[in-house]
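> Generate coordinates for the sequence data below:
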Amino acid sequence: MMKDDRKKKRKTTYAFFGVNDKATNNFVGWVVDMTTEGLRIRSITELEVDSCFRFKMDLPFEINESREINFDAKSVWSKKVNDKNEFNTGFELLNVHPTETVKIAQLIKSSHFEDGDEQIPVTFNILKN
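Residues are numbered from 1 along each chain as shown. Reported below is the predicted structural model:
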């Protein structure tokens, strides 16, 4: 069993927050759990461990007048999910801009994540066609 060195308990989500490679805009996977220091992504392809990534997470609503969160992350572990063709990969967030850290904090305190200490208001702007 791997030692858990996390400083903060991750908050789990059952919403589908997709994560894309910022350079190519290719879909990487979706967020399973997250803190302001790291996250776990489930993907259909194995992601290389000890690699750095630039990610963009699109949001279905606005947080601080933005519909995305941008961050760099380093993969620290990866494991196949049971018998599925899916992989969980753990990431450490790197050099995240303070405005992005605030958006992450607001997201994980929203009703979209479990175990939030308190619910804070998040601005939801629904786009109409």
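> hang on, Thr36 in a strand?
No - inclusion of Thr36 in a strand is not indicated when DSSP: H, G, I helix; E, B strand; the rest coil is applied; the result is coil.
> separation between it and Ile108?
7 Å (C-beta to C-beta, to the nearest Å). Using the backbone N, CA and C atoms, a C-beta is placed for each residue, glycine as well.
> ok, now Thr24?
To Ile108, Thr24 is 26 Å away according to C-beta to C-beta.
> in the chain, which spans are strands?
With DSSP state E as the definition, the chain shows strands at residue ranges 11-12, 18-21, 27-34, 38-43, 52-63, 66-80, 87-94.
> contact partners of the third one?
Counting contacts by C-beta atoms under 8 Å, 6 or more residues apart in numbering, the residues outside strand 27-34 that touch it are 10-13, 16-21, 39-44, 47, 53, 55, 57, 88-89, 104, 107-108, 113.
> Just the mean pLDDT for it, thanks.
For strand 27-34, mean pLDDT rounds to 90.
> and it with strand 52-63, angle?
Counting by axes from the mean of the first three to the mean of the last three C-alpha atoms, to 10 degrees, strand 27-34 points 70 degrees away from the direction of strand 52-63.
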